[in-house]
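Asker: Only the shape, not the letters, is given here:
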């Protein structure tokens, strides 16, 4: 079973990488090996099923790297986005018959706002390009043999599903001249998240520390606070360790059982201290009314009390915040004098995050210093290319991570200095 190029992983970056190889080398024999029972599972779930493909504000400031310094990260990303940009993404999907639309924050979606239509379109592009796909095929070993690479592949969790592609029945060995590793990260295990990519590459490249990113926080909450589960609010938050601000964010938050979720909360998680003892000294400070100064809120509440004097709700924040949040703050405040300060600053101790199973992405990965740019080939083995979440690059929410998948997949698929 010999191929010119094999792609490990059928997610966003892997599918883009295979299509890019086909575009740059039309006669290349290409195979995608995907361990799950279908391609593009995370794409299908992205954007709450709407598929947030990209963002108008693609800048290096919206991305992070755990191991690389700010200058190295910026240079790496600027080089990448000069090769395949946000505009190229629009052109790429437009060429497949998928025009995009944008919301007020610059987030890009397929015009249908249906993730499944993106999955179907990309699947059809693979079929049209005659790119072979083998599902439920887990690569367990990579060997370098002379000028080729040999992959040991085993069946993975046989699931009977209606498929567009074949699936692996028994262990096989595959050989290729060029290999693209695009098998994602540890995040979102329910959608196929795995650490197999790091294991496959550990003999070829240094892997940085790995952290769950874009993940809800665990909070230490008393019985009264537990009543907040399900309450959504727009506000701001600061993450503090020993009164030092680690990071801050604003936007939408959601109280969940024993924790805090929502886009704005999940972006805080990558800045949590990784030491367990330090983690116990971390707090999140919530501002439910960031558009008001403390003095303004105090005046508002006292004036409101005068207007509603004698009524049951003269001491509350209903109408400013949601009823259950108001009830909790009133109980915690005890007096109207303490209510405004709590609306501006309510703190909870943080007990880590909900971990990789609940995370949308992984922070960390193959260190940028291990990768040639602009090819994305490994310095230790230039016939192996990496892309997507395996690289120590992660973005904010809003389409930045999928844009990185498209960009890095396209670059890897150029197979620079190849064939």
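Answerer: Now that the structure is in, tell me what you want to look at. Note that this is a predicted model, so its numbers are computed, not measured.

Asker: Return the set of buried residues in stretch 188-206.
Answerer: By neighbour count on 16 or more other Cβ atoms under 10 Å, the buried set for stretch 188-206 is 188, 191-198, 200-201, 204-205. Yep, even glycine has a C-beta here, placed from its N, CA and C like the rest.

Asker: Need the contact partners of it.
Answerer: For stretch 188-206, contacts defined as Cβ atoms under 8 Å, 6 or more residues apart in numbering pick out 8-9, 11, 35-36, 41-42, 45, 138-139, 141-142, 181, 183-187, 207, 210, 356-357, 359-360, 362, 365-367, 369-371, 378-381, 384, 386, 390.

Asker: Mark which of those are part of strands, please.
Answerer: 8, 138-139, 141-142, 181, 362, 384, 386 (DSSP state E).

Asker: filter the residues you listed to the buried ones?
Answerer: Buried among these by 16+ other Cβ under 10 Å: 8, 138-139, 142, 181, 362, 384, 386.

Asker: Just put the residues you listed in a markdown table and tack on distance to residue 283 and pLDDT.
Answerer: Below are these laid out as a markdown table (distance: Cβ to Cβ, whole Å; pLDDT from 0 to 100):
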| residue | distance to residue 283 | pLDDT |
| --- | --- | --- |
| 8 | 42 | 98 |
| 138 | 42 | 97 |
| 139 | 43 | 98 |
| 142 | 44 | 98 |
| 181 | 39 | 98 |
| 362 | 25 | 96 |
| 384 | 44 | 98 |
| 386 | 37 | 98 |
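
Asker: next structured bit after the lengthiest strand in the chain?
Answerer: Ranked by residue count under DSSP E, the longest strand found in the chain is strand 244-256. Sequence order places strand 259-261 as the next helix or strand after strand 244-256, per DSSP states H and E.

Asker: on that earlier part again, can I have the buried ones of the contacts of stretch 188-206 as a PyMOL selection?
Answerer: Per 16+ other Cβ under 10 Å, the buried members of the contacts of stretch 188-206 correspond to this PyMOL selection:
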select buried, resi 8+9+11+35+36+41+42+138+139+142+181+183+184+185+186+187+207+210+356+359+360+362+365+366+367+370+371+378+381+384+386+390
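
Asker: Give me the subset of the contacts of stretch 188-206 lying in helices.
Answerer: Among these, DSSP state H puts 41-42, 45, 356-357 in helices.

Asker: where along this structure do the helices fall?
Answerer: 12-24, 41-45, 70-83, 86-95, 115-128, 196-201, 223-226, 263-266, 276-279, 294-307, 323-333, 336-344, 355-358, 400-412.

Asker: quick one, which of these is nearest to residue 254?
Answerer: Proximity to residue 254, assessed across the helices of the chain by Cβ to Cβ, is greatest for helix 263-266 (7.3 Å).

Asker: Check what contacts that closest one and list those residues.
Answerer: Contacts of helix 263-266 (Cβ under 8 Å, 6+ apart): 214-217, 235-237, 249-254, 284, 360, 397.

Asker: Kindly recompute the last result at 7 Å.
Answerer: Outside helix 263-266, the residues that touch it by Cβ atoms under 7 Å, 6 or more residues apart in numbering are 214-217, 237, 249-253, 397.

Asker: ok, so of the buried residues of stretch 188-206, who is nearest residue 323?
Answerer: Among these, and counting by Cβ to Cβ, the member closest to residue 323 is residue 188, at 33.4 Å.

Asker: tell me how far stretch 35-46 is from the chain's mean position?
Answerer: 14 Å (Cα atoms, centre = their mean, to the nearest Å).

Asker: Quick one: end-to-end length of it, please.
Answerer: 20 Å (Cα to Cα, to the nearest Å).

Asker: List the buried residues of the longest strand of the chain.
Answerer: With burial defined by 16+ other Cβ under 10 Å, the residues of strand 244-256 counted as buried are 248-249, 251, 253-256.

Asker: Run the angle between that strand and helix 323-333 for me.
Answerer: Counting by axes from the mean of the first three to the mean of the last three Cα atoms, to 10 degrees, strand 244-256 points 130 degrees away from the direction of helix 323-333.

Asker: Within its sheet, name the partner strands of strand 244-256 and how each one runs.
Answerer: strand 232-241 (antiparallel), strand 259-261 (antiparallel) (DSSP bridges).

Asker: In the stretch 51-200 of the chain, where is pLDDT below threshold?
Answerer: The stretch 51-200 of the chain contains residues with pLDDT under 70 at 158, 160-162.

Asker: give me that answer again for 90
Answerer: Low-confidence segments of the stretch 51-200 of the chain, defined by pLDDT under 90: 146-147, 157-164, 189-190, 192.

Asker: just to revisit the earlier point, how distant is the longest strand of the chain from the center of its chain?
Answerer: 17 Å.

Asker: what's the answer for stretch 139-158, then?
Answerer: 27 Å.

Asker: Of all the residues in that stretch, which ones are buried?
Answerer: Quick answer for stretch 139-158 (16+ other Cβ under 10 Å): 139, 142, 149-151, 153, 155-156.

Asker: since we're on residue 334, how many residues are nearby?
Answerer: 11 (other Cβ atoms under 10 Å).

Asker: Against residue 221, how distant is it?
Answerer: In this view, residue 334 and residue 221 are 18 Å apart by Cβ to Cβ, to the nearest Å.

Asker: Likewise for residue 40?
Answerer: Residue 40 is 37 Å from residue 221, by Cβ to Cβ.

Asker: These two: which has the busier surroundings?
Answerer: Just comparing residue 40 and residue 221: by other Cβ under 10 Å the higher neighbour count belongs to residue 40, 25 against 19.

Asker: If we go by neighbour counts, what in stretch 411-419 is buried?
Answerer: When burial is assessed from 16+ other Cβ under 10 Å, stretch 411-419 yields the following buried residues: 411-416, 418.

Asker: nearest spatial neighbour of the residue sitting nearest the centre point of the chain, skipping sequence neighbours?
Answerer: Centroid-nearest residue in the chain: residue 361, 3.4 Å away (criterion: Cα atoms, centre = their mean). Spatial nearest neighbour of residue 361, excluding adjacent residues (Cβ to Cβ, 6 or more residues apart in numbering): residue 213 at 4.5 Å.

Asker: what number of residues lie near that neighbour?
Answerer: Neighbours of residue 213 (other Cβ under 10 Å): 28.

Asker: Roughly how far does it sit from residue 402?
Answerer: According to Cβ to Cβ, residue 213 stands 14 Å off from residue 402.

Asker: Check what contacts stretch 316-323 and list those residues.
Answerer: By Cβ under 7 Å, 6+ apart, stretch 316-323 touches 231, 233, 288-289, 326, 329-330, 339, 343.
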